[in-house]
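1. Next one to model:
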Amino acid sequence: MSDRIRCRCRRCTIRGLMGPGVIITVGVLFLFDQMRGGDFSFGNTYPVILIVIGVISLAAASAPSHGHISGPVPPAAPGGPGSAPPVPQNQFPGQGQGQ
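-> Numbers count the residues shown, from 1 in each chain. Alright, predicted model coming up:
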């Protein structure tokens, strides 16, 4: 798993439903197309996908963002008060050593 901290505010939670909502909608539309013999072809039903995207976007925009975490969290500072300073590491191993 990644070390990234994920935001758990309501707005980000609703935005996380965008992908699954679109995939489920496309699957249901293809199922209807197969069951009804071509009445629900993609050319006739693509507006439904746009409506689902719009509804989820509208719900996310109107949701509160209380507790939102924005941007990456900076790493903890190495060491604490009274600790030794960090030793710089050589960026190019094998370079700059006695030849």
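
2. give me the element residue 34 is part of.
-> Residue 34 is part of helix 18-36, with elements assigned from DSSP states H and E.

3. now what about that helix, what contacts it?
-> The contact list for helix 18-36, computed with CB atoms under 8 Å, 6 or more residues apart in numbering, reads 39-42, 45, 48-49, 52-53, 56-57, 60. Just so you know, the C-beta spots here come from the backbone N, C-alpha and C atoms, and that holds for glycine as well.

4. Pick out whichever of the residues you listed sits closest to residue 15.
-> Comparing the contacts of helix 18-36 against residue 15 with CB to CB places residue 60 closest, at 4.6 Å.

5. Could you report the separation of that closest one from residue 44?
-> 28 Å (CB to CB, to the nearest Å).

6. Which residue of the two possesses the greater neighbour count?
-> residue 60 (18 against 12; other CB atoms under 10 Å).

7. Three-state assignment for that one, please.
-> Classification of residue 60 using DSSP: H, G, I helix; E, B strand; the rest coil returns helix.
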